[in-house]
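Peer 1: sequence below, structure please.
(2 chains)
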2 protein chains.
Amino acid sequence: MAASPTAKRRPRSSRSKRDDIIYAAIEYFGQHGYEYTKWADIAKEVGIGSTALYHYFESKLHCLYEIQALALQADRAKFENAIAENEDFKEALKAVLNSAFELTDHEVLRNRVLVAEQSLAGLHRTSVREEESRQLGRSQMRDLEFAWATFLTRGMEQGAIPQADPRLLARAILGLYNSVWHWYRPRGGSLSIDEIREFYVARCLAVAGLPLEVPAKAKSRPAAKRKS
Amino acid sequence: MAASPTAKRRPRSSRSKRDDIIYAAIEYFGQHGYEYTKWADIAKEVGIGSTALYHYFESKLHCLYEIQALALQADRAKFENAIAENEDFKEALKAVLNSAFELTDHEVLRNRVLVAEQSLAGLHRTSVREEESRQLGRSQMRDLEFAWATFLTRGMEQGAIPQADPRLLARAILGLYNSVWHWYRPRGGSLSIDEIREFYVARCLAVAGLPLEVPAKAKSRPAAKRKS
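Peer 2: Sure, this is the predicted structure:
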């Protein structure tokens, strides 16, 4: 059976145990790193044996691919919602970017897992289940890029943002967005997700060609204040 | 491995053999991925036995850390040169960014290795040599970020760019820059490094708060008018 995010509904108990595993895996991978996490740690965390874990995921890598696919699925849903709620292109662009930073600490960790281990998503797998999940994540990544490029093209056609190669622009905005998760730590860091959001949304808009909006307080503050 | 990298054979001395190994490793890691590269492939490429390889590097991971440290060293040297040659802040910023995209195909692969495997740089190693190389790369990354933040602070103090958290801004610019190497392929892709440079330098300047300069061909199209 293909254990993908879009897989058919299963009995409730089975389904929620799978969710528990994914939740625990995100916490472990996100906090300790994928390489440093033992599959057995996750089994212990969710209270099942290592053997039972294999009922849900073929391997630690299979679980990672599922997490990546789920993260991209969530990103895409947010993207579509924000666009649907805003007729005006600029408002829609701001809404899309702001919503992308509306994240719980757990979701920040999920994004971290997504970007930190993206090189593993480039490896072809011989296991059918692993390869299915990997391909699902990859096609979702391509779809998200394409949806962004289509959306940006609309903005260019309306004259809301300057003309540019829409695919390249989509990659630049997504690249700037994803770069945050390489270093940002939700717990114990000196910056809140709202401070990150304010800073990065303004910069993503600037990448798209809109003038940089500098917050009022930053204008009057001397540089080099914060150290994290 | 099917595609043999284009490593040049150099005169046999201890130092140049080490360079050969690094050159070959960048080609293999960059083209086939770090995980997919066998240490023995690199030994074969440079014409030494696997055992002899251990004279130079303790492991494949040790070699990866050395490559990452060398890449950051080269980035830093370029950064300092570009700054030294330009008194004016805006000119210096443009020069720094442009020089960062002046790369051979081999250097693009090196950057790809740097960013694709950055999660491995977060793993503490018990081997002394591995850990030394890993720490060297990490401190060079921090130094480069700090040098960028210091440079950007100068621009803010001069009023050349808007006030912002300089460390956050340094990370955003470096993050946007590094995002390119996750997907850009120097050989066989449809975009030249010069097209990439033109697009990304303009976007990095926009992130810093300078108005986006749209290339002439895009300006001539009606939708390209910028609103403020």
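
Peer 1: quick one, what contacts the closest residue to A:Ile173 other than its chain neighbours?
Peer 2: In this structure, A:Ile173 finds its nearest non-sequential neighbour in A:Cys204, 5.2 Å apart by Cβ to Cβ, 6 or more residues apart in numbering or on different chains. C-beta here means a position set from N, CA and C on the backbone, and glycine is covered the same way. A:Cys204 makes contact with A:97, A:173, A:176-177 under the criterion Cβ atoms under 8 Å, 6 or more residues apart in numbering or on different chains.

Peer 1: again, only using 6 Å
Peer 2: A:97, A:173, A:176 (Cβ atoms under 6 Å, 6 or more residues apart in numbering or on different chains).

Peer 1: can I assume the first one is in contact with A:Val201?
Peer 2: Yes - the pair A:Leu97 and A:Val201 qualifies as a contact (Cβ atoms under 6 Å) at a distance of 4.5 Å.

Peer 1: quick one: buried residues of the helix or strand harbouring A:Leu93?
Peer 2: Using DSSP states H and E, A:Leu93 sits in helix A:89-100. Of all the residues in helix A:89-100, those buried under the rule 16 or more other Cβ atoms under 10 Å in any protein chain shown are A:89-90, A:92-100.

Peer 1: report the separation between the residue nearest to A:Ile173 and B:His32.
Peer 2: Per Cβ to Cβ, to the nearest Å, A:Cys204 is found 33 Å from B:His32.

Peer 1: follow-up on the earlier one: I'd like the buried residues of helix A:89-100 as a markdown table, with distance to chain B appended.
Peer 2: Below are the buried residues of helix A:89-100 laid out as a markdown table (distance: Cβ to the nearest Cβ, whole Å):
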| residue | distance to chain B |
| --- | --- |
| A:Phe89 | 11 |
| A:Lys90 | 9 |
| A:Ala92 | 16 |
| A:Leu93 | 13 |
| A:Lys94 | 14 |
| A:Ala95 | 18 |
| A:Val96 | 18 |
| A:Leu97 | 14 |
| A:Asn98 | 17 |
| A:Ser99 | 19 |
| A:Ala100 | 15 |
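
Peer 1: redo these as a markdown table? Include pLDDT.
Peer 2: As requested, the buried residues of helix A:89-100 are arranged in a markdown table below (pLDDT from 0 to 100):
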| residue | pLDDT |
| --- | --- |
| A:Phe89 | 97 |
| A:Lys90 | 97 |
| A:Ala92 | 97 |
| A:Leu93 | 98 |
| A:Lys94 | 97 |
| A:Ala95 | 97 |
| A:Val96 | 97 |
| A:Leu97 | 98 |
| A:Asn98 | 97 |
| A:Ser99 | 97 |
| A:Ala100 | 97 |
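
Peer 1: how near is the residue nearest to A:Gln158 when sequence neighbours are not counted to A:Ala95?
Peer 2: Distances taken as Cβ to Cβ, 6+ apart place A:Phe89 nearest to A:Gln158, at 5.4 Å, with adjacent residues excluded. Distance of A:Phe89 to A:Ala95, computed by Cβ to Cβ: 11 Å.

Peer 1: okay, the angle between the longest helix seen in chain A and helix A:89-100?
Peer 2: Longest helix in chain A by number of residues, with DSSP state H as the criterion: helix A:128-157. Counting by axes from the mean of the first three to the mean of the last three Cα atoms, to 10 degrees, helix A:128-157 points 150 degrees away from the direction of helix A:89-100.

Peer 1: what is the burial count for A:Gln135?
Peer 2: Using other Cβ atoms under 10 Å in any protein chain shown, A:Gln135 is surrounded by 16 other residues.

Peer 1: equivalent analysis for A:Glu87, please.
Peer 2: Neighbours around A:Glu87, by other Cβ under 10 Å: 8.

Peer 1: got the residues of chain A near chain B?
Peer 2: Residues of chain A lying near chain B by Cβ under 6 Å from any Cβ of the partner chain: A:33, A:35, A:116, A:119, A:122-123, A:156-157, A:159, A:162-163, A:168, A:172, A:175-176, A:179, A:199, A:203, A:206-207, A:209, A:211-212, A:214, A:218-219, A:221, A:223-224, A:226.

Peer 1: sort out for me which of these are in helices.
Peer 2: A:116, A:156-157, A:168, A:172, A:175-176, A:179, A:199, A:203, A:206-207, A:218-219.

Peer 1: residue nearest the centroid of chain A?
Peer 2: Centroid check for chain A by Cα atoms, centre = their mean gives A:Asn111 as the closest residue, at 4.1 Å.

Peer 1: helix or strand: which one has that one?
Peer 2: helix A:105-116.

Peer 1: residues contacting that helix, please?
Peer 2: Contact with helix A:105-116 is made by A:26, A:29-30, A:67-68, A:71, A:178, A:181-182, A:186, B:119, as judged by Cβ under 6 Å, 6+ apart.

Peer 1: what's the farthest-apart pair in these?
Peer 2: Within the contacts of helix A:105-116, two members stand farthest from each other by Cβ to Cβ: A:Gln68 and A:Pro186, at 18.6 Å.

Peer 1: between the two, which one's more packed in?
Peer 2: Neighbour totals were compared for A:Gln68 and A:Pro186, and A:Gln68 leads with 25 against 21 (other Cβ under 10 Å).

Peer 1: the residue nearest to A:Ile173 and A:Ala160: what is the separation?
Peer 2: The spacing between A:Cys204 and A:Ala160, counted by Cβ to Cβ, is 14 Å.

Peer 1: please apply the same query to A:Val214.
Peer 2: As judged by Cβ to Cβ, A:Val214 and A:Ala160 stand 21 Å apart.

Peer 1: ok, A:Glu130 - contacts?
Peer 2: A:58, A:61-62.

Peer 1: just to revisit the earlier point, and the contacts of helix A:105-116, which is closest to B:Ile22?
Peer 2: B:Ser119 (20.9 Å).

Peer 1: count of neighbours near that closest one?
Peer 2: B:Ser119: 20 surrounding residues under other Cβ under 10 Å.

Peer 1: tell me which residues touch it, please.
Peer 2: Per Cβ under 6 Å, 6+ apart, neighbours of B:Ser119: A:Ala116.

Peer 1: and if we set it to 10 Å?
Peer 2: A:29, A:33-35, A:112-113, A:115-120, A:182 (Cβ atoms under 10 Å, 6 or more residues apart in numbering or on different chains).

Peer 1: one more: A:Ala74?
Peer 2: Counting by Cβ under 10 Å, 6+ apart, A:Ala74 touches A:5, A:103, A:107, A:110-111.

Peer 1: can those residues go into JSON lines with extra columns for pLDDT?
Peer 2: Shown next, in JSON lines, are those (pLDDT from 0 to 100):
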{"residue": "A:Pro5", "pLDDT": "47"}
{"residue": "A:Leu103", "pLDDT": "95"}
{"residue": "A:Glu107", "pLDDT": "95"}
{"residue": "A:Arg110", "pLDDT": "95"}
{"residue": "A:Asn111", "pLDDT": "94"}
